[in-house]
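Colleague: sequence plus predicted model, see below.
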Amino acid sequence: MTGPVGASAAGADLKRGMVWRNWGQNQVFSPAAFATPRSEEQLVCVVRQALGDGLNIRVAGTGHSSTPLVQTGGLLLSLENLSGITGTDLVRRRARAWAGTPISSFGDPLWRDGLALSNQGDIEKQTIAGAIATGTHGSGTKLTSFSAAVRYVRIINGTGDVVEIDERDIEEIRATQVSLGALGVVVEVELDVSPSYHLRETITFPHVDELLDRWDVNPDTHRHFSFLWCPTDNAAELFELPTPKGVRMADRAYTKVYDAVEIEEPGGIETAEGRRVDRSYRIYPGGFGLVFNELEYFVPTERGREAFTEIRQLIRTKYPEQVFPVEVRWVAADGAYLSPQYRRDNMAITITVAAGTDYWPYLRNVDAVLDDFDARPHWGKLHFTTRRRIERMFPELDRFRTIRSRFDPNDAFLNDHLRPLLG
């Protein structure tokens with residue numbers, strides 16, 4: 001349903017001449033105006049003003065995307081003031097939140113109501129709307145991304161109207177689940193969540209040969225299984241990964257296993273490195289201090305072992321100077337039209353490169369290798385996807401574009417990065 005919202009409040013303060021940089025320092029631009037509205041009413045007001053002025057509009061989260069997703073010469077919005085949990089439902093296992101809520105802000109409020117996010121990754125600084133829009137995920141063969149958990153969205157469309165979409169609007173919800181911000185400005189979301197749960201962490205350091213031998217066993221026998229393959233002895237240090245003394249890490253993996261356990265607090269809490277037991281949202285986050293850029297592609301699960309083997313061979317024979325760990329995770333299929341997991345269980349391969357270096361030849365070679373595996377891109381990380389490749393990778397692209405045109409008839413929410421892909 002749609003309908004105008006009164007915009008009697010004074011517009012949010014607009015800043016001119018600011019320079020925006022992402023976390024990885026590879027995206028820098030200066031929008032015509034930057035706004036941080038403090039209420040939904042102010043947000044609607046400033047969006048309508050920008051639409052009336054013919055400005056392109058993009059929304060910045062916390063800048064963890066490596067791609068120029070939010071770049072604009074028009075209005076750049078930050079929703080950092082629209083943050084917080086707005087409601088929970090233990091019976092239906094749902095949680096609502098403002099779009100600007102960081103993932104890190106879900107843990108305590110949900111836990112108090114007997115709930116928890118079903119999954120998340122190492123980094124918890126992203127806003128929930130940004131994580132949803134780009135298909136951000138954790139790891140688990142039976143667990144989906146944040147996007148797949150979306151059951152309701154309130155969004156300001158390209159005519160300045162506030163639109164509410166729920167799971168009864170099947171086509172529209174599948175379009176909004178991974179939208180790249182191309183449908184409008186998300187105001188609030190509702191997620192399917194889980195009853196609260198504890199996790200036990202197990203960190204091991206197997207040689208890659210052992211991983212390859214147990215490739216089809218490890219991911220399916222744990223709630224979460226992932227690893228970071230280290231091409232050299234000092235690779236783990238780049239991510240500040242604690243490793244055993246005297247163990248040479250070259251061609252070994254820092255392997256993370258998380259399994260759900262029943263414990264009583266506080267006695268059951270364990271904080272020892274590599275074998276922690278705690279609330280789920282305290283176990284997941286890790287994060288890395290060093291600034292870097294990333295490429296991440298998803299290949300069909302059944303082809304994952306072969307794809308990883310070829311990437312390992314590429315690095316060892318052609319790019320031995322690329323010493324960052326290569327991360328491997330698994331993600332379950334979903335139904336979002338632009339999701340890398342659209343109707344396909346995937347294995348994700350994440351390639352990390354040093355910020356400020358000429359990494360393009362290396363990444364183009366990685367892209368060439370993985371394209372042979374029908375790889376799909378993580379939208380928030382570096383990729384070489386073209387319109388022709390999107391048409392091949394995403395069978396519902398035209399359906400998404402049709403819905404997008406209804407939401408944004410004047411292309412106010414497209415930028416130079418998205419226009420060739422979705423316009």
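Modeller: Thanks, I have it.

Colleague: is it fair to say His45 lies in a helix?
Modeller: Quick fix: residue 45 is Cys, not His. Yes. According to DSSP: H, G, I helix; E, B strand; the rest coil, Cys45 belongs to a helix.

Colleague: what about it, neighbour count?
Modeller: 22 (other CB atoms under 10 Å). Every residue, glycine included, has its C-beta placed from N, CA and C.

Colleague: and it, how far is that from Val185?
Modeller: Using CB to CB, to the nearest Å, Cys45 is found at 12 Å from Val185.

Colleague: again with Asp161
Modeller: 11 Å.

Colleague: who has more neighbours, the two?
Modeller: Remark: of Asp161 and Val185, Val185 carries more neighbours, 28 against 17, as counted by other CB under 10 Å.

Colleague: go ahead and confirm that one touches Val59.
Modeller: Yes. Taking contacts as CB atoms under 8 Å, Val185 lies within contact range of Val59: 5.7 Å.

Colleague: so what sits against both of the two?
Modeller: Leu77, Leu79, Ala99 (CB atoms under 8 Å, 6 or more residues apart in numbering).

Colleague: name the nearest residue to the second one, sequence neighbours excluded.
Modeller: With CB to CB, 6 or more residues apart in numbering as the criterion, Leu79 has its nearest non-adjacent residue at 3.2 Å, and that residue is Gly100.

Colleague: which ones are touching that neighbour?
Modeller: Contacts of Gly100 (CB under 8 Å, 6+ apart): Gly61, Ser78, Leu79, Glu80, Asn81, Leu82, Ser83, Thr127, Ala129.

Colleague: now the first one: how far from Ala348?
Modeller: Summarising the geometry, the distance separating Gly61 from Ala348, computed by CB to CB, is 20 Å.

Colleague: so the two - more neighbours on which side?
Modeller: Set Gly61 next to Ala348 and count neighbours by other CB under 10 Å: Gly61 wins out with 26 against 23.

Colleague: relative to Ser104, how far out is that one?
Modeller: Per CB to CB, Gly61 is found 13 Å from Ser104.

Colleague: what do the two both touch?
Modeller: Among the neighbours of Gly61, none is also in contact with Ser104 (CB under 8 Å, 6+ apart).

Colleague: what sits opposite the spatially closest residue to Leu14 that is not a sequence neighbour in the beta ladder?
Modeller: Leaving aside its chain neighbours, Leu14 sits nearest to Ala33 (4.7 Å; criterion: CB to CB, 6+ apart). In this entry, Ala33 is beta-bridged to Leu75, by DSSP bridges.

Colleague: quick one: Ala33 and Trp20 touch, right?
Modeller: No. Between Ala33 and Trp20 there is no contact under CB under 8 Å: 11.6 Å.

Colleague: tell me who's in contact with the nearest residue to Ala32 once chain neighbours are set aside.
Modeller: Nearest non-adjacent residue to Ala32, counting by CB to CB, 6+ apart: Gly74, 5.5 Å away. Taking CB under 8 Å, 6+ apart, we find Gly74 in contact with Pro31, Ala32, Ala33, Ala50, Leu55, Asn56, Ile57, Arg58.

Colleague: against Ala412, how distant is Gly74?
Modeller: Remark: distance between Gly74 and Ala412 (CB to CB) = 8 Å.

Colleague: kindly report the same for Met18.
Modeller: 20 Å.

Colleague: same question for Thr127.
Modeller: 21 Å.

Colleague: when these two are compared, which one has more neighbours?
Modeller: Taking other CB under 10 Å, Thr127 and Ala412 do not tie; Thr127 has more neighbours (27 against 24).

Colleague: ends of stretch 218-230, what's the gap?
Modeller: Start to finish, the residues bounding stretch 218-230 are 18 Å apart (CA to CA, to the nearest Å).
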